[in-house]
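> sharing a sequence plus its predicted fold:
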Amino acid sequence: QVQLAESGGGLVQAGESLRLSCVVSGRTFDNLNLGWFRQGPGKEREFVAGCTWRGTCDYGDSVKGRFTISRDSAKNTLHLQMNSLKPDDSAIYYCAQTSAYTITNRDLYKYWGQGTQVTVSS
């Protein structure tokens, strides 16, 4: 079983930055495919960014060029650096783990964290 714990959310103004972290435990971090998703009010949970254990990463279209996902193996932590934030980025952000290499498909993720709230004011 994999445990995931997100942190780093908060309230910021449009144009500012935030860095989310997700501490992963339960399995060898370097062997895991991991991703970030978000869910805004009244919206479906959508893919934000993800990386396979081999280091192949992908991003959702709405965040490309603004968000960067990274892995810190020494700390078993997945990060999401979010720059140039917009009000539309407001959501609960979740990290998750999948055994599949199709890291963009939320239905293939088995383990999820509790989420961290990000609110961007205009």
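Yes, it's here. Model, not experiment: these values are computed from the prediction.

> list the residues that contact the spatially most central residue of the chain.
By C-alpha atoms, centre = their mean, the chain has its centre lying nearest to residue 36, at 2.2 Å. By C-beta atoms under 8 Å, 6 or more residues apart in numbering, the residues touching residue 36 are 20, 22, 47-50, 69, 78, 80, 93-96. Backbone N, C-alpha and C define where each C-beta goes, glycine included.

> sec struct for it, please.
strand (DSSP: H, G, I helix; E, B strand; the rest coil).

> give me the nearest residue to it, chain neighbours excluded.
Leaving aside its sequence neighbours, residue 36 sits nearest to residue 48 (C-beta to C-beta, 6 or more residues apart in numbering; 4.2 Å).

> tell me which helix or strand comes right after the helix or strand where that neighbour lies.
Using DSSP states H and E, residue 48 sits within strand 46-51. Once the chain leaves strand 46-51, the next helix or strand it forms, by DSSP H and E, is strand 57-59.

> quick one: residue 5 is in a helix?
No - using three-state DSSP, the secondary structure at residue 5 is strand, not a helix.

> so it versus residue 26, what's the distance?
As judged by C-beta to C-beta, to the nearest Å, residue 5 and residue 26 stand 11 Å apart.

> report the beta-bridge partners for the residue nearest to the centre of the chain.
residue 49, residue 95 (DSSP bridges).

> tell me how far it lies from residue 71.
Counting by C-beta to C-beta - residue 36 and residue 71 are separated by 12 Å.

> need the overlap of contacts for those two.
In contact with both residue 36 and residue 71: residue 78, using C-beta under 8 Å, 6+ apart.
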